[in-house]
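Asks: Predicted model and sequence below, questions to follow.
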Amino acid sequence: MRVLVTGGCGFIGSHVARALVAAGHAVTNLDALTYASNPANVASIAAHPRYRFVEGNICDSALVRELVADVDVVINFAAETHVDRSLLDPGIFVRTDVEGVVSLLEAVRATRTARLVHMSTDEVFGSLAPGVEAEEEGQFAPTSPYSASKAAAELQVRAYAETYELPVTVLRSCNVYGPNQHIEKFIPLFITRALAGVPLPLYGDGLQEREWIHVDDIVAAVGLLLEHLPGAAGAHAIHIGSGERLPNRVVAEAICRLAGRDESLIQRVEDRPGHDRRYALNSRRLRSRGWRPAVRFEEGLERTVRWYAGNADAWAAAENPEFREYFARQYGERLGAV
Ligand code: DAU
């Protein structure tokens with residue numbers, strides 16, 4: 001298959017791009033090289049004959065249309081993804097996560113040959129009450145500028161699928177972790193800070209619950225779904241969830257243990273405004289197709305801590321001036337002078 005992976009220098013996109021090349025597919029990686037991209041994530045396939053890198057933005061309709069015309073499938077991982085940053089600078093989320101998706105939809109509509117697979121999130125459902133799981137056809141109730149943008153993108157996908165009779169697959173994932181994730185996110189931030197022996201800023205009471213999945217399990221799910229893309233018009237939603245739901249505090253404590261640090265490193269700080277308490281996905285649809293998460297959280301977290309411990313150069317490079325500025329803005333007052 002010829003696949004256009006957007007955001008292929010980012011965390012999930014790079015794992016998928018590498019796996020697709022290894023599985024024999026031809027991959028074009030369109031990436032805007034934002035702060036969250038890291039070309040080193042795809043260094044192992046950079047010279048591969050079935051791999052091509054194009055620097056560009058999914059909002060560039062002319063470029064997108066040209067690239068989409070040459071492929072069988074487009075998988076959209078290009079996005080602004082960090083909730084905290086969406087509180088600091090919401091505009092870029094609307095541009096990339098909504099306008100960028102419309103640009104992809106326009107190209108798919110114009111060419112009519114490529115199928116679109118769009119990566120969305122469990123956050124479109126907002127915070128769920130204890131015991132409740134979001135079903136694929138559940139109601140959207142996003143609460144952050146990030147999740148509102150992702151929900152808006154999904155509405156555009158539905159509108160195009162309906163109006164222009166396009167078969168589109170929408171993947172909604174729970175929280176993903178693993179090697180190469182940008183250090184601004186909870187697990188890599190806490191791991192790298194725990195390894196460095198500096199305080200871990202836990203928002204609020206730390207009892208917010210997230211469902212965690214290892215990136216390898218996302219890659220496996222995408223591989224499986226690519227083999228059975230729907231032919232019928234419509235927006236076909238699929239949930240990718242592990243079922244492993246944990247309060248943040250428990251994850252933070254596990255990270256301290258694995259990094260050989262005392263839990264006193266965990267510091268309660270001012271909460272994220274509008275912080276969703278709980279996400280949970282019902283992933284029966286995907287499981288009915290034979291997929292099961294292969295990496296248990298305990299094992300995956302241990303492997304991830306080992307990866308960050310063994311790749312200090314990779315994440316030290318991510319602690320660039322842009323990150324330091326963001327960190328100061330986000331945590332300065334929360335952590336005081338630390
Ligand atoms: O649920 C899927 C979503 O997971 C994806 O759609 C998003 O792109 C991804 O960023 C992630 O969103 P979260 O807001 O859940 O992830 P984050 O890593 O920012 O935070 C995870 C939890 O940890 C959340 O409850 C906030 C908390 N947290 C996070 C940071 C960065 C802290 O307590 N302290 C922190 O410093």
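Replies: Looks like it arrived, so ask away.
Asks: What parts of the stretch 51-200 of the chain come near the ligand?
Replies: Neighbours of the ligand within the stretch 51-200 of the chain, by Cβ under 6 Å from any ligand atom: 81-84, 121-123, 174-175, 185-186, 189. C-beta: built from backbone N, CA, C; applies to glycine.
Asks: Can you pull the phi and psi angles for the residue of the stretch 201-338 of the chain found nearest the ligand?
Replies: Closest to the ligand within the stretch 201-338 of the chain is residue 203: 3.5 Å, counting by Cβ to the nearest ligand atom. The phi and psi torsions at residue 203 (degrees, to the nearest 10) take the values phi -70, psi 130.
Asks: residues contacting it?
Replies: Residue 203 is in contact with 248, 269-272, 275, counting by Cβ atoms under 8 Å, 6 or more residues apart in numbering.
Asks: Return the per-residue confidence for it.
Replies: With respect to pLDDT, residue 203 scores 98.
Asks: same deal with residue 97?
Replies: In this prediction, residue 97 has a pLDDT value of 98.
Asks: how close does the nearest residue to residue 189 once chain neighbours are set aside sit to residue 324?
Replies: Taking Cβ to Cβ, 6 or more residues apart in numbering as the measure, residue 189 lies nearest to residue 183, with 5.6 Å between them; neighbours along the chain are not counted. Taking Cβ to Cβ, to the nearest Å as the measure, residue 183 and residue 324 are separated by 11 Å.
Asks: Who has more neighbours out of those two?
Replies: The residue with more neighbours, out of residue 183 and residue 324 and counting by other Cβ atoms under 10 Å, is residue 183; that gives 20 against 10.
Asks: Just give the number of residues close to residue 247.
Replies: For residue 247, using other Cβ under 10 Å, the count is 16.
Asks: in the stretch 201-338 of the chain, which spans are helices?
Replies: For the stretch 201-338 of the chain, applying DSSP state H, counting those that start in this stretch gives helices covering 215-227, 248-258, 284-287, 297-310, 312-318, 321-335.
Asks: and residue 313, how many residues sit next to it?
Replies: 8.
Asks: As CSV, could you dump the C-alpha coordinates of the lengthiest helix in the chain?
Replies: Taking residue count as the measure and DSSP state H as the definition, the longest helix of the chain comes out as helix 145-163. Once side chains and other backbone atoms are set aside, the C-alpha atoms of helix 145-163 remain, and they are given as CSV (Å, rounded to 0.1, in the frame of the first residue of the first chain):
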residue,chain,number,x,y,z
PRO,A,145,-9.7,24.0,23.6
TYR,A,146,-7.7,20.9,22.5
SER,A,147,-10.6,18.5,22.8
ALA,A,148,-13.0,21.0,21.3
SER,A,149,-10.7,21.2,18.3
LYS,A,150,-10.5,17.4,18.0
ALA,A,151,-14.3,17.2,18.3
ALA,A,152,-14.8,19.9,15.6
ALA,A,153,-12.5,18.0,13.3
GLU,A,154,-14.6,14.9,13.8
LEU,A,155,-17.7,16.8,13.0
GLN,A,156,-16.0,17.9,9.7
VAL,A,157,-15.1,14.3,9.0
ARG,A,158,-18.7,13.3,9.5
ALA,A,159,-20.0,16.1,7.4
TYR,A,160,-17.7,15.2,4.5
ALA,A,161,-18.4,11.5,4.9
GLU,A,162,-22.1,12.2,4.7
THR,A,163,-22.1,14.9,2.0
